[in-house]
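1. Mind folding the following:
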Amino acid sequence: MITVVTDNNPTITANNISIKLGDSFDPLNSNNNLVAINPEDGDITTEIVVASTNVDQNRPGVYQVTYSAKDSDGNITFKEIEVIVRTDNAPTLEANNVIIKEGDSFDTMNAGNNLVATDLEDGDLTQDITVISDNVDANTPGNYQVVYQVIDSDGNTVTKNITVIVRTNQAPTINANDVSIKEGEEFDPLSLDIGLTALDLEEGNLIDEIKIVSNNVNNQLIGLYQVIYSVEDYDGNIGYKEITVKVLSDVSLTIEANNISIELGDEFNPLNANNDLISSDQEDGDITSDINVLNNNVDVNTPGIYQVKYSVIDSDDNISYKEIIVTVEPDKSNENNEIIVKNKNIILKEGQKNDASKPKRLKVENQDGQNITKELTLIYNNINLNQNGQYQLFYEDPTTGEQINQDVIVKEAISLDLKSILGIFILSLSGFLLIRKKE
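-> From the prediction side, this is the model:
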């Protein structure tokens, strides 16, 4: 019997393998499914030998191992595999925090936050990223967290925590007060003196972000003007505020009122005393109804000289005062106490000294013709010798209680220099000599 033997080479099969840095490595016992078969000899795995290897398990890299096997016919075959020595480093996972608006859709894996994972051996692992925690509520403003995880082929695990901020759609608010300035007064629309603030629910103080949209203020012209402010937050929401700037005149208002006399015991209302009390203002018009009584010492049951002081404030905060004299006349029913007054106005020069307690150009006689001027008592004196104008003196007869008033006129003093005085003297002397010559 003749046996025909094939001359086929054996076959070797083996898988590429990966080991971690520092692991022990036996190329013939590395669990890489190493097998050798021959049609005649069958399984000849035990005949496999390592023809070559350059594996250094203490250095990361890609290495080669070459196996060989010989059958009973002397046929030899070879097989080369790769051995990858991996590091023990974990992969890297990167992702940015995210800001969205209330009501926006949110996809953790597609949030535009540069989500990426890489590994030294495995390369790009972004597709292997998973979300292990997510508490985001896109319909409720607040801060939330998302936790990502990735595992490389070595089983190394890494996580990444990001914050997701859900912002409101509310615009920031600007606060500022309306302003009143006097004509010609400087106005700074960004001054904190007008209560200017800007606040945002998420970003807080935005005072430095305020812009002036429009400002038509003319501080040289009386009138009403507007300033419009704006501020924009991080979300692009814009808030506005408009204030009114009122430019007021610098002209003070006036109060007019006359001095009055009333009978002893009469009723007296300083705001309704028939003394032509009136006040008007350039912008506000008639503001008589705004007049207030600052002081009133009138005693209607005691004869005497009293004062009432009024004040009024216009819408520009200008204030004016007026003081009047109220004379409560004594009871004149006793004719036996009649006195006779011979009265002339006094004219004083501005700055001239005057003792008002001693009546001048005034003569008072009682019913018997006796001069009682020196017995009079000064009870009121409003003379200002440093200001020209018309003033009054009031005296009282201590016997009858009757009061006498006297007008005093203060006129501006005429100042003459030395040359003027000398000229007057020469003219006077010339006139005197001319008269003597005629005589």
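2. Residue 13 versus residue 205, what's the distance?
-> Residue 205 sits 73 Å away from residue 13, going by C-beta to C-beta, to the nearest Å. (Each C-beta comes from the backbone N, C-alpha and C, glycine too.)
3. Look at those two and report which has more neighbours.
-> Between residue 205 and residue 13, counted using other C-beta atoms under 10 Å, the more crowded position is residue 13 (14 against 11).
4. List the residues that contact the more buried one.
-> Going by C-beta atoms under 8 Å, 6 or more residues apart in numbering, residue 13 touches 33-36, 79.
5. okay if I get those residues as CSV plus pLDDT, distance to residue 238 and secondary structure?
-> Below are these laid out as CSV (pLDDT from 0 to 100; distance: C-beta to C-beta, whole Å; DSSP: H, G, I helix; E, B strand; the rest coil):
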residue, pLDDT, distance to residue 238, secondary structure
33, 93, 69, coil
34, 94, 72, coil
35, 95, 75, strand
36, 94, 79, strand
79, 94, 73, strand
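6. quick one, strands of the stretch 1-150 of the chain?
-> Under the criterion DSSP state E, counting those that start in this stretch, the stretch 1-150 of the chain contains strands at 11-13, 17-20, 35-38, 42-43, 49-53, 61-70, 76-86, 92-94, 98-101, 116-119, 123-124, 130-134, 142-151.
7. right, I mislabeled it, should have said the stretch 251-400 of the chain
-> Counting by DSSP E, counting those that start in this stretch, the strands of the stretch 251-400 of the chain are 254-256, 260-263, 278-281, 285-286, 292-296, 304-313, 319-329, 339-343, 346-349, 362-366, 377-381, 389-396.
8. Quick check: residue 283 touching residue 248?
-> Yes: taking contacts as C-beta atoms under 8 Å, residue 283 lies within contact range of residue 248: 7.1 Å.
9. residues shared between the contacts of those two?
-> Common contacts of residue 283 and residue 248, defined by C-beta under 8 Å, 6+ apart, comprise 222, 315-316.
10. for those, which one is nearest residue 108?
-> residue 315 (62.1 Å; C-beta to C-beta).
11. pretty sure the closest one is touching residue 283, no?
-> Yes: checked against C-beta under 8 Å, the pair residue 315 and residue 283 is within contact range at 6.5 Å.
12. Mind listing the shared neighbours of the two?
-> The contact sets of residue 315 and residue 283 overlap at residue 248 (C-beta under 8 Å, 6+ apart).
13. how about the nearest residue to residue 36, chain neighbours excluded?
-> Nearest residue to residue 36 in three dimensions, chain neighbours excluded: residue 69, at 3.9 Å (C-beta to C-beta, 6 or more residues apart in numbering).
14. Tell me the bridge partners for the one you found.
-> residue 77 (DSSP bridges).
15. Tell me the spacing between it and residue 243.
-> To residue 243, residue 69 is 96 Å away according to C-beta to C-beta.
16. same thing with residue 160?
-> Taking C-beta to C-beta as the measure, residue 160 falls 49 Å from residue 243.
17. sorry, back to before: restricted to buried residues, select the shared contacts of residue 283 and residue 248 in ChimeraX.
-> Of the shared contacts of residue 283 and residue 248, the buried ones can be selected in ChimeraX as follows, counting by 16 or more other C-beta atoms under 10 Å:
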select :222,316
